[in-house]
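Engineer: Turn this into a structure:
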Amino acid sequence: MYYDDTFDPTNENDFDVPHFDETISVTNSVSTLNSNAKKYLKQMELLKMQDKDYRKIYRVLNGKKIAIELYSTNSNPGSTIRDATSGSRISNMRVGCRDEDLFFKVAFSSCEKGISNTDSNLFFFDSPDHYERFTGSSVSPQEKSQWEKKFMAEKMKRQ
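Structural biologist: Below you'll find the predicted structure:
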């Protein structure tokens, strides 16, 4: 059976872009897209603000002021560990037990805007390197080595 495959790799004109009808106004669709995107971003920001564990701090990195969005974990034993960068709760991982050894745990106790002393400011990152990349902070090689030993010991216990 023969059929015409317009995207066959042997066809010469596979990468030709189809021409649009000249009567369509591209500028109207772009402005609508931009306004819809702005509305979506505003709704997402409002949704994040409803999360009591959402934190937004500002730091100067490489001469530019940037916003860093973080999600804290409740420090009560038995609470579900929450990824600091994505905000996702990690099922079967709890605060106050050996599960914490699988993460790089940071407690912020600064006066930065967005971090208050009354809230839980406990953050769980995948590794010290992840923490450094995400927040622009630095971790000493000794701390990294100590964390890696603790992490590997816990991984070995779980196998």
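Engineer: For residue 144, which non-adjacent residue is spatially closest?
Structural biologist: residue 128 (4.7 Å; C-beta to C-beta, 6 or more residues apart in numbering). The C-beta positions use only the backbone N, C-alpha and C, and glycine is treated the same way.
Engineer: ugh, wrong one, residue 139
Structural biologist: residue 128 (4.3 Å).
Engineer: And for the one you found, the neighbour number?
Structural biologist: Counted with other C-beta atoms under 10 Å, residues neighbouring residue 128 total 22.
Engineer: now swap in residue 81 and tell me
Structural biologist: Residue 81: 24 neighbours (other C-beta under 10 Å).
Engineer: residues touching it, list them.
Structural biologist: Listed by C-beta atoms under 8 Å, 6 or more residues apart in numbering, the contact set of residue 81 reads 73, 89, 90, 93, 94, 95, 99, 100, 103, 124.
Engineer: ok, 6 Å please
Structural biologist: 73, 90, 93, 124 (C-beta atoms under 6 Å, 6 or more residues apart in numbering).
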